[in-house]
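[1] with the input below, show me the fold.
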Amino acid sequence: NFKNTSGGDPVNINEVKTDKLTGKTTAGSITIQGEGNATTNLQQGINKHWMSVNMSTAAVNDSFNAGSITDNGVGDFTQTLTNPMANAHYANTIGSLYAAAWGQIAFFRTNTARTTALYRTGSVNYHNNGNATDSPQFDTSIDGDFA
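    Purely as a prediction, here's the structure:
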């Protein structure tokens, strides 16, 4: 419970600043009210990793919880996480931009098993007979539980 001790307007409560929040009854578990009457677990509801890569230059445009990338060849990259996931069954999202023409397809490689700390992605252009291609903006994100 918070109490306004600043002497300010009791109706317009002042902001609270903190570096750490911990669940009162269960450490590491904070429930918040979402839209309407629904509640959600704060830790479960946040994105755990995202990365935007320029495959053409093998450069990371921007990222969160991202370690390194490995260029395995045209349209083929391995991404690593700084903080690993609890298991390899995390949910992932992927997108790709191809500037020259529509037809870019981005995918998570299924011939290489993902682990708690890395995953492999690919990019092809189906207007070019499905040949591998480097995307100038290749985006991935992961949701799930940290280890």
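
[2] tell me which strands and helices the helix or strand of the chain with the lowest mean pLDDT is in contact with?
    Lowest mean confidence among the helices and strands of the chain (mean pLDDT, DSSP states H and E): strand 104-108, at a mean of 77. On a contact count with 3 or more C-beta pairs under 8 Å, 6 or more residues apart in numbering; DSSP states H and E, strand 104-108 meets strand 91-97, strand 118-125. The C-beta positions use only the backbone N, C-alpha and C, and glycine is treated the same way.

[3] pick the most deeply packed of those strands.
    Of these, the one with the most neighbours on average (mean count of other C-beta atoms under 10 Å) is strand 118-125, at a mean of 22.

[4] dump the helices and strands packed on strand 104-108 to TSV, plus distance to residue 61.
    Shown next, in TSV, are the helices and strands packed on strand 104-108 (distance: least, C-beta to C-beta, whole Å):
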stretch	distance to residue 61
strand 91-97	11
strand 118-125	15
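
[5] name every strand pairing with the least confident helix or strand of the chain and say which way it goes.
    strand 118-125 (antiparallel) (DSSP bridges).

[6] what pLDDT, on average, does the next helix or strand along the chain from the strand it pairs with get?
    Moving toward the C-terminus from strand 118-125, the next helix or strand (DSSP states H and E) is strand 131-132. Mean pLDDT, strand 131-132: 87.

[7] picking up where we left off before, indicate which one of the helices and strands packed on strand 104-108 is closest to residue 65.
    strand 118-125 (12.3 Å; C-beta to C-beta).

[8] which residues touch that closest one?
    Here strand 118-125 makes contact (C-beta atoms under 8 Å, 6 or more residues apart in numbering) with 55, 72, 75-81, 92, 94, 96, 98, 101, 103-109, 112, 114, 130-135, 138, 140, 142.

[9] ok, and what's touching the least confident helix or strand of the chain?
    92, 94-98, 114, 119-126, 130, 133, 135, 138.

[10] can you pull the buried residues of it?
    By neighbour count on 16 or more other C-beta atoms under 10 Å, the buried set for strand 104-108 is 104-106.
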